[in-house]
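K.L.:
Need the 3D shape of this:
(one chain, ligands or ions: 1)
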Amino acid sequence: MKACFMGLGYIGLPTAIIAAKHGIEVKGVDINPQVVEMTNAGKLHIIEPGLEDMLKEVVSSGMLTASVAPEVCDAYFMVVPTPFKGNHEPDVSYVEAATMAVLPLLKEGDLYVIESTSPIGTTEGMAKIIFEERPELEGKIYIAYCPERVLPGNVIYELVHNDRVIGGLTPESTEKAIGFYSQFVQGTLHRTNCRTAEMCKLTENSSRDVQIAFANELSLICDKAGINVWELISLANKHPRVNILQPGCGVGGHCIAVDPYFITADFPAESKLIADAREINNYKAFWCAEKVKNAMLEFELLNHRKPVVAMMGLAFKPNIDDLRESPAKYIVTKVMQGCNNANILVVEPNVKEHHVFKLTDYREAYEKADIVAFLTAHDPFKTLEWRSDKVILDFCGIFKR
Ligand code: SAJ
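P.N.:
Okay, the predicted model is just below:
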(Lines give C-alpha, C1' and ligand atoms only; values in the text may rest on other atoms or scores of the structure.)
Protein backbone atom coordinates (compact mmCIF):
# COMPACT_ATOMS: atom_id res chain seq x y z
CA MET A 1 0.00 0.00 0.00
CA LYS A 2 1.29 3.49 -0.88
CA ALA A 3 0.35 6.29 1.52
CA CYS A 4 0.47 10.02 0.86
CA PHE A 5 0.88 12.36 3.86
CA MET A 6 -0.15 15.93 3.07
CA GLY A 7 1.76 18.08 5.59
CA LEU A 8 5.16 17.20 7.10
CA GLY A 9 4.93 19.13 10.35
CA TYR A 10 5.00 18.16 14.04
CA ILE A 11 2.47 15.37 13.42
CA GLY A 12 2.59 14.57 9.68
CA LEU A 13 6.33 13.95 9.50
CA PRO A 14 6.60 11.62 12.54
CA THR A 15 3.50 9.70 11.39
CA ALA A 16 4.89 9.36 7.85
CA ILE A 17 8.19 8.10 9.26
CA ILE A 18 6.55 5.56 11.58
CA ALA A 19 4.31 4.29 8.73
CA ALA A 20 7.36 3.94 6.45
CA LYS A 21 9.23 2.15 9.23
CA HIS A 22 6.39 -0.38 9.32
CA GLY A 23 6.73 -1.27 5.63
CA ILE A 24 4.29 1.21 4.10
CA GLU A 25 5.66 3.07 1.06
CA VAL A 26 5.16 6.74 1.95
CA LYS A 27 5.05 9.87 -0.19
CA GLY A 28 5.38 12.91 2.06
CA VAL A 29 4.13 16.24 0.68
CA ASP A 30 4.79 19.73 2.03
CA ILE A 31 4.35 23.17 0.46
CA ASN A 32 7.67 24.28 1.98
CA PRO A 33 10.50 23.23 -0.39
CA GLN A 34 13.05 23.44 2.44
CA VAL A 35 11.06 20.89 4.44
CA VAL A 36 10.98 18.62 1.39
CA GLU A 37 14.71 19.06 0.77
CA MET A 38 15.67 18.46 4.40
CA THR A 39 13.41 15.40 4.66
CA ASN A 40 14.90 13.81 1.51
CA ALA A 41 18.35 14.53 2.96
CA GLY A 42 17.38 12.66 6.13
CA LYS A 43 17.42 15.85 8.19
CA LEU A 44 14.60 16.75 10.61
CA HIS A 45 13.17 20.25 10.48
CA ILE A 46 11.40 19.67 13.82
CA ILE A 47 12.88 18.71 17.20
CA GLU A 48 11.77 15.22 18.33
CA PRO A 49 14.10 12.86 20.23
CA GLY A 50 15.13 9.74 18.28
CA LEU A 51 13.22 10.63 15.14
CA GLU A 52 16.12 11.71 12.92
CA ASP A 53 17.77 8.26 12.95
CA MET A 54 14.43 6.73 11.95
CA LEU A 55 14.07 9.33 9.17
CA LYS A 56 17.54 8.54 7.78
CA GLU A 57 16.65 4.84 7.78
CA VAL A 58 13.37 5.16 5.86
CA VAL A 59 14.79 7.69 3.41
CA SER A 60 17.84 5.54 2.60
CA SER A 61 15.64 2.47 2.20
CA GLY A 62 13.43 4.43 -0.20
CA MET A 63 10.33 3.80 1.91
CA LEU A 64 9.83 7.55 2.42
CA THR A 65 10.27 10.22 -0.22
CA ALA A 66 9.13 13.84 0.05
CA SER A 67 7.97 16.26 -2.62
CA VAL A 68 5.94 19.46 -3.00
CA ALA A 69 3.18 17.74 -4.95
CA PRO A 70 1.26 14.50 -4.30
CA GLU A 71 1.38 11.48 -6.61
CA VAL A 72 -0.96 8.52 -7.06
CA CYS A 73 -1.22 6.47 -3.86
CA ASP A 74 -3.80 4.20 -2.22
CA ALA A 75 -4.31 6.22 0.97
CA TYR A 76 -4.18 9.97 1.53
CA PHE A 77 -3.78 11.68 4.92
CA MET A 78 -4.51 15.38 5.53
CA VAL A 79 -2.17 16.43 8.34
CA VAL A 80 -2.00 20.17 7.72
CA PRO A 81 -2.53 23.06 10.16
CA THR A 82 -6.02 24.21 11.14
CA PRO A 83 -5.38 27.59 12.76
CA PHE A 84 -8.12 30.04 13.64
CA LYS A 85 -8.72 33.39 12.02
CA GLY A 86 -8.59 36.68 13.96
CA ASN A 87 -12.11 36.32 15.34
CA HIS A 88 -11.40 32.79 16.63
CA GLU A 89 -13.20 31.30 13.62
CA PRO A 90 -11.65 27.94 12.60
CA ASP A 91 -9.71 28.05 9.35
CA VAL A 92 -9.93 24.75 7.40
CA SER A 93 -8.54 26.26 4.19
CA TYR A 94 -5.32 24.20 4.43
CA VAL A 95 -7.38 21.00 4.69
CA GLU A 96 -9.41 22.12 1.69
CA ALA A 97 -6.28 22.95 -0.31
CA ALA A 98 -4.70 19.58 0.50
CA THR A 99 -7.94 17.82 -0.47
CA MET A 100 -8.12 19.68 -3.79
CA ALA A 101 -4.49 18.69 -4.46
CA VAL A 102 -5.19 14.95 -4.10
CA LEU A 103 -8.69 15.04 -5.65
CA PRO A 104 -7.59 14.27 -9.26
CA LEU A 105 -5.51 11.33 -8.01
CA LEU A 106 -8.27 9.56 -6.08
CA LYS A 107 -9.48 6.22 -7.48
CA GLU A 108 -11.97 3.54 -6.47
CA GLY A 109 -10.95 1.75 -3.29
CA ASP A 110 -8.74 4.55 -1.99
CA LEU A 111 -8.71 5.73 1.65
CA TYR A 112 -8.92 9.47 2.48
CA VAL A 113 -8.30 10.46 6.14
CA ILE A 114 -8.21 13.83 7.90
CA GLU A 115 -5.96 13.91 11.00
CA SER A 116 -5.90 17.69 11.47
CA THR A 117 -7.87 18.99 14.44
CA SER A 118 -11.09 20.17 12.77
CA PRO A 119 -14.49 21.66 13.60
CA ILE A 120 -17.40 19.22 13.59
CA GLY A 121 -18.61 18.49 10.07
CA THR A 122 -15.27 19.06 8.32
CA THR A 123 -14.94 15.45 7.13
CA GLU A 124 -18.47 15.52 5.68
CA GLY A 125 -17.65 18.88 4.10
CA MET A 126 -14.56 17.50 2.40
CA ALA A 127 -16.50 14.44 1.22
CA LYS A 128 -19.01 16.81 -0.38
CA ILE A 129 -16.19 18.63 -2.19
CA ILE A 130 -14.72 15.32 -3.39
CA PHE A 131 -18.02 13.92 -4.69
CA GLU A 132 -19.01 17.21 -6.34
CA GLU A 133 -15.77 17.09 -8.35
CA ARG A 134 -15.67 13.31 -8.73
CA PRO A 135 -19.30 11.99 -8.53
CA GLU A 136 -18.19 8.59 -9.78
CA LEU A 137 -16.27 8.07 -6.53
CA GLU A 138 -19.36 8.39 -4.30
CA GLY A 139 -19.61 5.21 -2.24
CA LYS A 140 -16.46 3.90 -3.92
CA ILE A 141 -13.78 5.44 -1.70
CA TYR A 142 -13.35 5.30 2.07
CA ILE A 143 -13.41 8.54 4.06
CA ALA A 144 -12.56 8.89 7.77
CA TYR A 145 -11.38 11.23 10.51
CA CYS A 146 -8.63 10.08 12.86
CA PRO A 147 -7.28 12.63 15.39
CA GLU A 148 -3.92 12.26 17.12
CA ARG A 149 -3.17 12.95 20.76
CA VAL A 150 0.62 12.70 20.92
CA LEU A 151 2.66 14.84 23.28
CA PRO A 152 5.55 16.70 21.61
CA GLY A 153 8.79 15.18 22.91
CA ASN A 154 7.27 11.69 23.19
CA VAL A 155 5.78 11.40 19.71
CA ILE A 156 7.43 8.16 18.54
CA TYR A 157 6.23 6.18 21.58
CA GLU A 158 2.77 7.73 21.66
CA LEU A 159 2.09 7.37 17.93
CA VAL A 160 2.50 3.62 18.36
CA HIS A 161 1.07 3.07 21.83
CA ASN A 162 -1.76 5.59 22.29
CA ASP A 163 -5.30 4.39 21.66
CA ARG A 164 -6.84 6.07 18.64
CA VAL A 165 -10.36 7.03 17.68
CA ILE A 166 -11.28 6.13 14.09
CA GLY A 167 -14.39 7.90 12.76
CA GLY A 168 -15.58 6.79 9.31
CA LEU A 169 -18.08 8.56 7.07
CA THR A 170 -19.53 5.05 6.82
CA PRO A 171 -18.87 1.90 8.86
CA GLU A 172 -16.99 0.45 5.88
CA SER A 173 -14.77 3.54 5.87
CA THR A 174 -14.08 3.04 9.58
CA GLU A 175 -12.98 -0.55 8.92
CA LYS A 176 -10.76 0.50 6.02
CA ALA A 177 -9.05 3.14 8.17
CA ILE A 178 -8.62 0.63 11.00
CA GLY A 179 -6.93 -1.68 8.52
CA PHE A 180 -4.38 1.02 7.75
CA TYR A 181 -3.62 2.18 11.30
CA SER A 182 -3.43 -1.38 12.66
CA GLN A 183 -0.22 -1.75 10.63
CA PHE A 184 1.66 0.41 13.14
CA VAL A 185 -0.62 1.32 16.07
CA GLN A 186 -0.41 -1.06 19.04
CA GLY A 187 -2.94 0.95 21.06
CA THR A 188 -6.61 0.08 20.78
CA LEU A 189 -8.37 1.46 17.70
CA HIS A 190 -11.84 2.64 18.75
CA ARG A 191 -14.60 2.69 16.12
CA THR A 192 -17.03 5.60 15.77
CA ASN A 193 -18.41 8.02 13.15
CA CYS A 194 -16.54 11.04 11.79
CA ARG A 195 -18.50 13.71 13.70
CA THR A 196 -17.91 11.99 17.03
CA ALA A 197 -14.21 11.57 16.24
CA GLU A 198 -13.92 15.28 15.35
CA MET A 199 -15.66 16.24 18.59
CA CYS A 200 -13.60 13.75 20.61
CA LYS A 201 -10.37 15.58 19.83
CA LEU A 202 -11.93 18.95 20.67
CA THR A 203 -13.43 17.46 23.85
CA GLU A 204 -10.10 16.10 25.10
CA ASN A 205 -8.35 19.44 24.83
CA SER A 206 -11.31 21.55 25.95
CA SER A 207 -11.68 19.40 29.06
CA ARG A 208 -8.02 20.08 29.88
CA ASP A 209 -8.47 23.82 29.28
CA VAL A 210 -11.44 23.87 31.68
CA GLN A 211 -9.47 21.95 34.30
CA ILE A 212 -6.53 24.34 34.01
CA ALA A 213 -8.93 27.31 34.22
CA PHE A 214 -10.25 25.93 37.50
CA ALA A 215 -6.69 25.79 38.88
CA ASN A 216 -5.96 29.31 37.60
CA GLU A 217 -9.18 30.65 39.14
CA LEU A 218 -8.17 29.09 42.46
CA SER A 219 -4.82 30.90 42.21
CA LEU A 220 -6.55 34.28 41.83
CA ILE A 221 -8.83 33.59 44.80
CA CYS A 222 -5.95 32.35 46.98
CA ASP A 223 -3.81 35.37 46.11
CA LYS A 224 -6.56 37.61 47.46
CA ALA A 225 -7.38 35.32 50.40
CA GLY A 226 -3.76 34.99 51.53
CA ILE A 227 -3.75 31.23 50.97
CA ASN A 228 -0.91 29.25 49.37
CA VAL A 229 -2.66 27.82 46.30
CA TRP A 230 -0.04 25.09 45.84
CA GLU A 231 -0.62 23.81 49.37
CA LEU A 232 -4.39 24.08 48.91
CA ILE A 233 -4.40 22.03 45.70
CA SER A 234 -2.01 19.49 47.13
CA LEU A 235 -4.34 18.98 50.12
CA ALA A 236 -7.52 18.89 48.02
CA ASN A 237 -5.90 16.26 45.78
CA LYS A 238 -5.44 14.00 48.78
CA HIS A 239 -9.14 13.28 48.29
CA PRO A 240 -9.31 9.92 46.45
CA ARG A 241 -11.43 11.32 43.63
CA VAL A 242 -10.10 14.88 43.26
CA ASN A 243 -7.40 15.74 40.73
CA ILE A 244 -6.98 19.50 40.38
CA LEU A 245 -4.32 20.54 37.86
CA GLN A 246 -1.61 23.18 38.42
CA PRO A 247 -2.02 26.96 38.06
CA GLY A 248 0.33 28.59 35.57
CA CYS A 249 0.89 31.98 33.95
CA GLY A 250 -1.74 31.19 31.31
CA VAL A 251 -2.26 28.47 28.68
CA GLY A 252 -0.09 28.30 25.58
CA GLY A 253 0.66 26.12 22.58
CA HIS A 254 -1.27 25.39 19.40
CA CYS A 255 -3.66 22.93 20.97
CA ILE A 256 -5.22 23.53 24.38
CA ALA A 257 -5.39 27.29 23.78
CA VAL A 258 -6.89 26.85 20.30
CA ASP A 259 -9.11 23.78 20.08
CA PRO A 260 -11.88 25.02 22.46
CA TYR A 261 -12.61 27.83 20.00
CA PHE A 262 -13.54 25.16 17.43
CA ILE A 263 -16.48 24.34 19.72
CA THR A 264 -17.42 27.83 20.93
CA ALA A 265 -17.37 29.22 17.37
CA ASP A 266 -19.99 26.66 16.26
CA PHE A 267 -22.00 26.38 19.49
CA PRO A 268 -21.77 29.83 21.16
CA ALA A 269 -25.04 29.52 23.07
CA GLU A 270 -24.27 26.06 24.46
CA SER A 271 -20.53 26.28 25.28
CA LYS A 272 -20.49 28.85 28.12
CA LEU A 273 -18.17 26.96 30.49
CA ILE A 274 -15.71 26.23 27.65
CA ALA A 275 -15.78 29.90 26.59
CA ASP A 276 -15.35 31.14 30.17
CA ALA A 277 -12.41 28.79 30.71
CA ARG A 278 -10.69 30.33 27.68
CA GLU A 279 -11.35 33.79 29.13
CA ILE A 280 -9.95 32.81 32.53
CA ASN A 281 -6.79 31.28 31.07
CA ASN A 282 -6.19 34.28 28.81
CA TYR A 283 -6.88 36.65 31.72
CA LYS A 284 -4.35 34.81 33.93
CA ALA A 285 -1.47 35.93 31.66
CA PHE A 286 -2.70 39.55 31.85
CA TRP A 287 -3.04 39.22 35.64
CA CYS A 288 0.57 37.95 35.95
CA ALA A 289 1.89 40.87 33.88
CA GLU A 290 0.03 43.32 36.13
CA LYS A 291 1.45 41.61 39.23
CA VAL A 292 5.00 42.07 37.95
CA LYS A 293 4.42 45.70 37.01
CA ASN A 294 2.88 46.46 40.44
CA ALA A 295 5.82 44.78 42.20
CA MET A 296 8.19 46.98 40.17
CA LEU A 297 6.33 50.14 41.20
CA GLU A 298 6.27 49.11 44.85
CA PHE A 299 10.01 48.36 44.75
CA GLU A 300 10.78 51.77 43.25
CA LEU A 301 8.68 53.56 45.89
CA LEU A 302 10.41 51.66 48.68
CA ASN A 303 13.99 51.77 47.38
CA HIS A 304 13.99 54.98 45.33
CA ARG A 305 15.50 53.14 42.33
CA LYS A 306 14.22 50.96 39.52
CA PRO A 307 14.43 47.21 40.26
CA VAL A 308 16.32 44.63 38.26
CA VAL A 309 13.68 42.10 37.19
CA ALA A 310 14.35 38.49 36.12
CA MET A 311 11.63 37.01 33.89
CA MET A 312 12.18 33.28 34.22
CA GLY A 313 10.98 31.35 31.16
CA LEU A 314 9.63 32.06 27.68
CA ALA A 315 8.48 28.57 26.55
CA PHE A 316 4.77 27.72 26.61
CA LYS A 317 5.31 24.78 28.96
CA PRO A 318 8.08 23.29 31.12
CA ASN A 319 11.30 21.78 29.70
CA ILE A 320 10.67 22.48 26.02
CA ASP A 321 12.02 25.10 23.61
CA ASP A 322 8.70 25.90 21.92
CA LEU A 323 7.73 29.55 22.35
CA ARG A 324 4.72 29.47 20.00
CA GLU A 325 1.60 31.02 21.54
CA SER A 326 3.42 31.28 24.86
CA PRO A 327 1.78 33.25 27.72
CA ALA A 328 5.25 33.71 29.24
CA LYS A 329 6.39 35.52 26.10
CA TYR A 330 3.24 37.67 26.22
CA ILE A 331 3.94 38.62 29.85
CA VAL A 332 7.59 39.53 29.20
CA THR A 333 6.49 41.72 26.30
CA LYS A 334 3.79 43.44 28.40
CA VAL A 335 6.24 44.10 31.26
CA MET A 336 8.87 45.47 28.89
CA GLN A 337 6.34 47.79 27.24
CA GLY A 338 5.89 49.52 30.58
CA CYS A 339 9.52 50.39 31.16
CA ASN A 340 12.93 50.83 29.52
CA ASN A 341 14.25 47.32 28.92
CA ALA A 342 17.55 47.97 30.69
CA ASN A 343 16.51 46.37 33.97
CA ILE A 344 14.62 43.38 32.62
CA LEU A 345 16.64 40.14 32.41
CA VAL A 346 14.98 37.53 30.17
CA VAL A 347 15.73 33.87 30.82
CA GLU A 348 14.99 30.78 28.67
CA PRO A 349 17.44 27.91 29.37
CA ASN A 350 16.09 25.81 26.44
CA VAL A 351 16.89 28.41 23.78
CA LYS A 352 20.42 29.57 22.89
CA GLU A 353 19.39 32.94 21.50
CA HIS A 354 16.24 34.81 20.54
CA HIS A 355 15.72 37.33 17.74
CA VAL A 356 13.80 39.72 20.03
CA PHE A 357 14.96 39.11 23.59
CA LYS A 358 18.57 39.21 24.83
CA LEU A 359 18.80 36.08 26.99
CA THR A 360 20.58 35.83 30.35
CA ASP A 361 21.73 32.68 32.15
CA TYR A 362 19.14 31.74 34.77
CA ARG A 363 21.65 31.65 37.68
CA GLU A 364 23.10 35.05 36.78
CA ALA A 365 19.64 36.58 36.39
CA TYR A 366 18.49 35.12 39.71
CA GLU A 367 21.55 36.49 41.48
CA LYS A 368 21.27 39.99 39.99
CA ALA A 369 17.50 40.47 40.26
CA ASP A 370 15.57 42.33 42.92
CA ILE A 371 12.31 40.88 41.57
CA VAL A 372 12.09 37.35 40.12
CA ALA A 373 8.99 36.25 38.17
CA PHE A 374 8.84 32.50 37.51
CA LEU A 375 6.72 32.02 34.38
CA THR A 376 7.62 28.51 33.12
CA ALA A 377 8.43 25.64 35.50
CA HIS A 378 11.66 24.51 33.81
CA ASP A 379 13.56 21.90 35.85
CA PRO A 380 16.80 23.97 36.20
CA PHE A 381 14.81 26.67 38.04
CA LYS A 382 13.96 24.10 40.72
CA THR A 383 17.65 23.91 41.70
CA LEU A 384 17.56 27.54 42.87
CA GLU A 385 17.40 28.29 46.59
CA TRP A 386 14.58 30.48 47.93
CA ARG A 387 15.87 33.98 48.68
CA SER A 388 13.98 36.05 51.25
CA ASP A 389 15.95 39.16 50.19
CA LYS A 390 14.24 39.10 46.77
CA VAL A 391 10.63 39.68 45.68
CA ILE A 392 9.68 36.29 44.20
CA LEU A 393 6.52 35.97 42.08
CA ASP A 394 6.09 32.22 41.68
CA PHE A 395 3.35 31.89 39.02
CA CYS A 396 4.16 28.28 38.13
CA GLY A 397 4.94 26.54 41.44
CA ILE A 398 8.75 26.44 41.46
CA PHE A 399 8.95 26.77 45.23
CA LYS A 400 5.25 26.16 45.89
CA ARG A 401 5.50 28.76 48.69
N1 SAJ B 1 -0.79 23.81 31.77
C2 SAJ B 1 -1.06 24.43 33.00
N3 SAJ B 1 -1.36 23.65 34.08
C4 SAJ B 1 -1.40 22.27 33.98
C5 SAJ B 1 -1.13 21.67 32.72
C6 SAJ B 1 -0.81 22.45 31.62
O7 SAJ B 1 -1.02 25.67 33.14
O8 SAJ B 1 -1.66 21.62 35.00
C9 SAJ B 1 -0.47 24.66 30.61
C10 SAJ B 1 0.94 24.41 30.07
O11 SAJ B 1 1.88 25.21 30.74
C12 SAJ B 1 0.77 24.85 28.61
C13 SAJ B 1 -0.67 24.46 28.28
O14 SAJ B 1 -1.34 24.30 29.54
O15 SAJ B 1 0.91 26.25 28.49
C16 SAJ B 1 -0.81 23.17 27.45
O17 SAJ B 1 -0.01 22.23 28.07
P18 SAJ B 1 -0.27 20.62 27.85
O19 SAJ B 1 0.42 19.94 28.96
O20 SAJ B 1 -1.70 20.36 27.69
O21 SAJ B 1 0.52 20.25 26.53
P22 SAJ B 1 0.21 20.27 24.95
O23 SAJ B 1 -0.65 21.40 24.55
O24 SAJ B 1 1.55 20.14 24.31
O25 SAJ B 1 -0.56 18.84 24.65
C26 SAJ B 1 -1.94 18.71 24.65
C27 SAJ B 1 -2.25 17.27 25.09
N28 SAJ B 1 -3.68 17.12 25.26
C29 SAJ B 1 -4.14 16.68 26.46
O30 SAJ B 1 -3.40 16.46 27.41
C31 SAJ B 1 -5.63 16.46 26.55
C32 SAJ B 1 -1.73 16.30 24.04
O33 SAJ B 1 -2.09 14.97 24.38
C34 SAJ B 1 -2.34 16.64 22.68
O35 SAJ B 1 -1.88 15.76 21.67
C36 SAJ B 1 -1.94 18.07 22.32
O37 SAJ B 1 -2.47 18.95 23.33
C38 SAJ B 1 -2.51 18.36 20.97
O39 SAJ B 1 -1.70 18.36 20.01
O40 SAJ B 1 -3.73 18.49 20.83
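K.L.:
Surely Met38 touches His45?
P.N.:
Yes. Applying C-beta atoms under 8 Å as the test, Met38 and His45 come out as touching, 4.9 Å apart. Where C-beta positions appear, they are placed from N, C-alpha and C, glycine not excepted.
K.L.:
So if I had to pick from these two, which one is more boxed in?
P.N.:
Met38 (19 against 15; other C-beta atoms under 10 Å).
K.L.:
Now do the contacts for the more buried one.
P.N.:
Leu44, His45 (C-beta atoms under 8 Å, 6 or more residues apart in numbering).
K.L.:
Helix, strand, or coil at it?
P.N.:
helix (DSSP: H, G, I helix; E, B strand; the rest coil).
K.L.:
Also Ala97?
P.N.:
Ala97 - assigned by three-state DSSP - is helix.
K.L.:
Then Ala16?
P.N.:
Assignment for Ala16 (three-state DSSP): helix.
K.L.:
That one - nearest residue in space that isn't next to it in sequence?
P.N.:
In space, and not counting its chain neighbours, Ala16 is closest to Phe5: 4.2 Å by C-beta to C-beta, 6 or more residues apart in numbering.
K.L.:
Ala373 belongs to a strand?
P.N.:
Yes. The assignment for Ala373 is a strand, going by three-state DSSP.
K.L.:
Smallest distance to the ligand belongs to which residue of the stretch 101-250 of the chain?
P.N.:
Among all residues of the stretch 101-250 of the chain, Gly248 sits closest to the ligand, at 2.8 Å; criterion: C-beta to the nearest ligand atom.
K.L.:
That residue and Asp394 touch, don't they?
P.N.:
No. Under the criterion of C-beta under 8 Å, Gly248 is not in contact with Asp394, lying 11.0 Å apart.
K.L.:
Would you mind telling me which of those two has the busier surroundings?
P.N.:
Gly248 (26 against 21).
K.L.:
Other residues contacting stretch 366-375?
P.N.:
For stretch 366-375, contacts defined as C-beta under 8 Å, 6+ apart pick out 249, 288, 291-292, 295-296, 299, 303, 307-314, 327-328, 331-332, 335, 345, 365, 381, 384, 387, 390-396, 398.
K.L.:
Correction: the previous question concerned stretch 394-401.
P.N.:
228, 230-231, 234, 246-249, 288, 291, 312-313, 318, 373-377, 381-382, 384, 386, 392.
K.L.:
For the stretch 301-401 of the chain, which residues are neighbours of the ligand?
P.N.:
Phe316, Lys317 (C-beta under 6 Å from any ligand atom).
K.L.:
quick one: low-confidence parts of the stretch 301-401 of the chain?
P.N.:
Within the stretch 301-401 of the chain, the segments meeting pLDDT under 70 span 341-342.
K.L.:
Could you measure from the one residue in it that gets nearest to the ligand over to Ile11?
P.N.:
In the stretch 301-401 of the chain, the residue that lies nearest the ligand is Lys317 (3.8 Å; C-beta to the nearest ligand atom). Distance, Lys317 to Ile11, using C-beta to C-beta, to the nearest Å: 17 Å.
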